[in-house]
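Asks: Fold the following.
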Amino acid sequence: MTTLVIAEHDHQSVKPATLSAISAAQAIGGEIHVLIAGSGTAAVAEQAGRVAGVSKVLVADAEHLCDGLAENLQNTVLDIARQYTHVLAAASAHGKNLMPRIAACLDVAQISDVIAVISPDTFKRPIYAGNAIATVKSSDAIKVLTIRATAFDVACLGDSTAEISTLSAGAACAKVKLVGREIAQLTRPELASAAIVVSGGRGLNSKENYENVLAPLADKLNAALGASRAAVDSGFAPNDYQVGQTGKVVAPDLYIAVGISGAIQHLAGMKESKVIVAINQDPEAPIFGVADYGLVGDLFSAVPEMVQGLGG
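Replies: Purely as a prediction, here's the structure:
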């Protein structure tokens, strides 16, 4: 029994979500191989080789893999996928784009958003926006899984170094090319991995209020900024700030929900946070049902008072 973990990286280091996927592979058991695909990835491969539990690192280095396009990467994965009992990736935007292609070409059922490993063929995953947990048993010869990173610890670096071997890259897809990519320059922690998240909802009423009310609190706490789908749809915050079923799933040490009612789609993305603080003027808001601490009041006075109390 051998598991292949498809790594997501920035050409310098493996992303934390992939390290969580490796933890899931450890729970499955057997050997763990990690695929590093890209161009100029020697540093990434060296780091992956030091991750505890990894026995082999496969490096596919080719120019057409540099941009991480799923259409180009899928052939490289398919060339070796049948050698494995399990093929895993994090349930990130990258994993959600790539893994359905792999599952379809292998003619197997993908199991998405795995949050627990019961046995090598049985897994738990949330359904109905996280209101129920399904236990799924797969009889497929190859299990294709995406792993919810917040449900597994990040795998640690070990003392030993795994074998690193070179893999021939699969053929490029002639029908797609990368036209451009805009990379946001973050001045705060990344939302998916931040220890503290401050999120705003429709109750902020405008983009100006979102920035003027939430930014000072986030700065004081060194927190990432998030938003509900309603806030994003209203133009208060950019798309990559969205937390929820159709956005990012986060599980920080502290989640502060400001002016968020708590629709089930939003709760699905943050209810695993260790401590949840909710500020809303509606005492019947569903967000209070999951909050550890709730403040019923006007956010436009409550949040500045919090900032002042923090020394600002």
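Asks: Only C-alpha atoms from now on, for both contacts and neighbour counts.
Replies: OK.
Asks: Show me the residue sitting in the middle of this protein in space.
Replies: The centre of the chain sits closest to residue 92, judged by CA atoms, centre = their mean, with a distance of 4.3 Å.
Asks: Phi first, then psi, for residue 288.
Replies: The phi/psi pair for residue 288 (degrees, to the nearest 10) reads phi -70, psi -20.
Asks: For it, grab the count of nearby residues.
Replies: 23 (other CA atoms under 10 Å).
Asks: where's it relative to residue 270, distance?
Replies: 13 Å (CA to CA, to the nearest Å).
Asks: now swap in residue 199 and tell me
Replies: In terms of CA to CA, residue 199 sits 10 Å off from residue 270.
Asks: Check the contact lists of the two and give me the overlap.
Replies: Taking CA atoms under 8 Å, 6 or more residues apart in numbering as the contact rule, residue 199 and residue 270 both touch residue 255.
Asks: of these two, who's got more company?
Replies: Comparing residue 199 with residue 270 by other CA under 10 Å, the one with more neighbours is residue 199, at 26 against 23.
Asks: contacting residues for the nearest residue to residue 159 once chain neighbours are set aside?
Replies: Leaving aside its sequence neighbours, residue 159 sits nearest to residue 50 (CA to CA, 6 or more residues apart in numbering; 6.7 Å). Neighbouring residues of residue 50 by CA under 8 Å, 6+ apart: 157, 158, 159, 160, 161, 162.
Asks: My guess is the second one contacts residue 51. True?
Replies: Yes. Contact criterion CA atoms under 8 Å: residue 158 and residue 51 qualify, at 5.4 Å.
Asks: more neighbours, those two?
Replies: Neighbours per residue, other CA under 10 Å: of residue 158 and residue 51, the larger number sits with residue 51, 23 against 13.
Asks: if I look at that one, how far off is residue 85?
Replies: 21 Å.
Asks: which residue packs closest to residue 203, ignoring adjacent ones?
Replies: That would be residue 259: by CA to CA, 6+ apart, it lies 4.3 Å from residue 203.
Asks: Same question for residue 76.
Replies: In space, residue 76 is closest to residue 170, 4.0 Å off (CA to CA, 6+ apart).
Asks: Next, give phi and psi for the residue nearest to residue 159.
Replies: phi -100, psi 0.
Asks: now it: how far from residue 1?
Replies: For residue 50, the distance to residue 1 - CA to CA - is 21 Å.
Asks: Then residue 254?
Replies: 38 Å.
Asks: The two: which has the busier surroundings?
Replies: residue 254 (17 against 12).
Asks: Do you have the strands of the stretch 201-312 of the chain handy? List them.
Replies: 224-227, 254-258, 275-280, 293-296 (DSSP state E, counting those that start in this stretch).
Asks: Would you tell me which of the ones you listed gets closest to residue 68?
Replies: strand 224-227 (25.4 Å; CA to CA).
Asks: contacts for that closest one?
Replies: 188-191, 194, 196-201, 214-215, 218, 237, 241-243.
Asks: Let's see that with 7 Å instead.
Replies: By CA atoms under 7 Å, 6 or more residues apart in numbering, the residues outside strand 224-227 that reach it are 188-191, 194, 196-201, 218, 237, 241-243.
Asks: Quick one: mean pLDDT for that strand?
Replies: Here strand 224-227 scores 96 as its mean pLDDT.
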